[in-house]
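*Asks:* pasting the structure only:
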């Protein structure tokens, strides 16, 4: 792991946050390559997908769509404990998504003084595309985290794209998770080209209305590029973890938490902010030892920041706006967690981000790259579109006409005023 030690005097948290973020590979490095891929898929469809696969040294399957029978059979290929873990994860994610949906289901309706009624309602999008990362590792958990909220939201067509494995289709774990989530439309394709295919459509892959799911820098850039053509949940890039700790924290636990997030890739960002330099010294030793002993831990950047106190550490954390935030200091409680700028905050003795990655029930598709400043966890609301319904009686129109005329005149659009005034005439 690439470790950097930083002593911070507590001033200009945003500047330090920018320095910390610069430790991870930058998104701008892949913009050109992704644009070329997306343009090729948009103009040449399936032919482009096959050409890109060959260029990347991948074997293109006979058909991009996975046989639904293979999806249905996949759970039987897994060990019973993995099947049970998927069931628990699916149950908990669905429970949280359903609770979230219930807070949004009732349409907002208001009767205004002039007599008009305005209603705002939410309906599910017709088709959602889900990206499940693959390649070096399979991510059945991402399938559950994305597909279940989409189903809870009421999306009728959910299509999953995930890189093909050795047999020309996604892993049995990914297909089993699709079966658990009730998905039978799966395509064996990954990378930026999968995002482009879902957004623009090809001869065999129908276009969708919204794309969700995590991925590497290429996937994240492809989502950004196609946004507007389709909706996206956000630009979720490589995994991030920040820990705010003091001398009461258990260094062995934190070291494992950091190494766990480094299993995702070497593009992620790991940070610890603490006023306790002895803790940081111990973490540097432990992380180095653990990373050397465990081959799954990638060479991700880790910043160990010595701060002037816990409050300064929290200030820095808010400036960074990390994907995952663990609070492990004396007095850390729900009050300290409230108002924090992070995708997901973990509290308590068991507060490891690994629980959120799998079975706690919170969604692990979270804003990265500082997007927690304005975004949040994936949920059923991401799969809904909002519509305003305005009902105006003749009396309401008559009362509002002078105001329309005044504003339209101020903007230089007199026909707007005429259009409104016409409603007062029989």
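*Replies:* It's in. Treat the numbers as computed from the prediction; the structure is a model and nothing was measured.

*Asks:* low-scoring stretches of this protein, by residue?
*Replies:* The chain contains residues with pLDDT under 70 at 105, 135-136, 426.

*Asks:* what's the domain layout of it?
*Replies:* Residue ranges for the domains of the chain, per automatic domain parsing: 2-25+238-360, 28-108+124-233, 392-424.

*Asks:* Quick one: closest of these to residue 114.
*Replies:* Minimum separation from residue 114 across the domains of the chain (CB to CB) falls at domain 392-424, 4.0 Å. The way it works is simple: take the backbone N, C-alpha and C, and place the C-beta from them, glycine included.

*Asks:* Kindly reformat the domains of the chain as a markdown table containing distance to residue 370 and mean neighbour count.
*Replies:* Listed next are the domains of the chain as a markdown table, based on distance: least, CB to CB, whole Å; neighbours: other CB atoms under 10 Å:
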| stretch | distance to residue 370 | mean neighbour count |
| --- | --- | --- |
| domain 2-25+238-360 | 5 | 19 |
| domain 28-108+124-233 | 13 | 20 |
| domain 392-424 | 36 | 14 |
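
*Asks:* I'd like these written out as a markdown table, with distance to residue 375 added.
*Replies:* A markdown table is the format used below for the domains of the chain (distance: least, CB to CB, whole Å):
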| stretch | distance to residue 375 |
| --- | --- |
| domain 2-25+238-360 | 8 |
| domain 28-108+124-233 | 9 |
| domain 392-424 | 33 |
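
*Asks:* Identify, by residue count, the longest helix of the protein.
*Replies:* helix 31-55 (DSSP state H).

*Asks:* next one: it to chain centre, how far?
*Replies:* 24 Å (CA atoms, centre = their mean, to the nearest Å).

*Asks:* Which elements pack onto it?
*Replies:* helix 191-200, helix 217-226 (3 or more CB pairs under 8 Å, 6 or more residues apart in numbering; DSSP states H and E).

*Asks:* Tell me which stretches of the stretch 301-426 of the chain form helices.
*Replies:* 310-320, 334-337, 353-358, 394-411, 414-421 (DSSP state H, counting those that start in this stretch).

*Asks:* Tabulate these (JSON lines), appending distance to residue 299.
*Replies:* As requested, the helices of the stretch 301-426 of the chain are arranged in JSON lines below (distance: least, CB to CB, whole Å):
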{"stretch": "helix 310-320", "distance to residue 299": "21"}
{"stretch": "helix 334-337", "distance to residue 299": "31"}
{"stretch": "helix 353-358", "distance to residue 299": "19"}
{"stretch": "helix 394-411", "distance to residue 299": "56"}
{"stretch": "helix 414-421", "distance to residue 299": "60"}
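
*Asks:* Of all the ones you listed, which one is nearest residue 371?
*Replies:* Ranking the helices of the stretch 301-426 of the chain by proximity to residue 371 (CB to CB) places helix 310-320 first, at 11.5 Å.

*Asks:* Need the contact partners of the closest one.
*Replies:* 8, 10, 13-14, 16-17, 20-21, 242, 244-246, 271, 273-275, 305, 307, 325, 329, 336, 340-342, 370 (CB atoms under 8 Å, 6 or more residues apart in numbering).

*Asks:* Tell me which residues touch residue 301, please.
*Replies:* So residue 301 contacts 1-4, 23-24, 268-270 (CB under 8 Å, 6+ apart).

*Asks:* for it, which residues make a bridge with it?
*Replies:* residue 2 (DSSP bridges).
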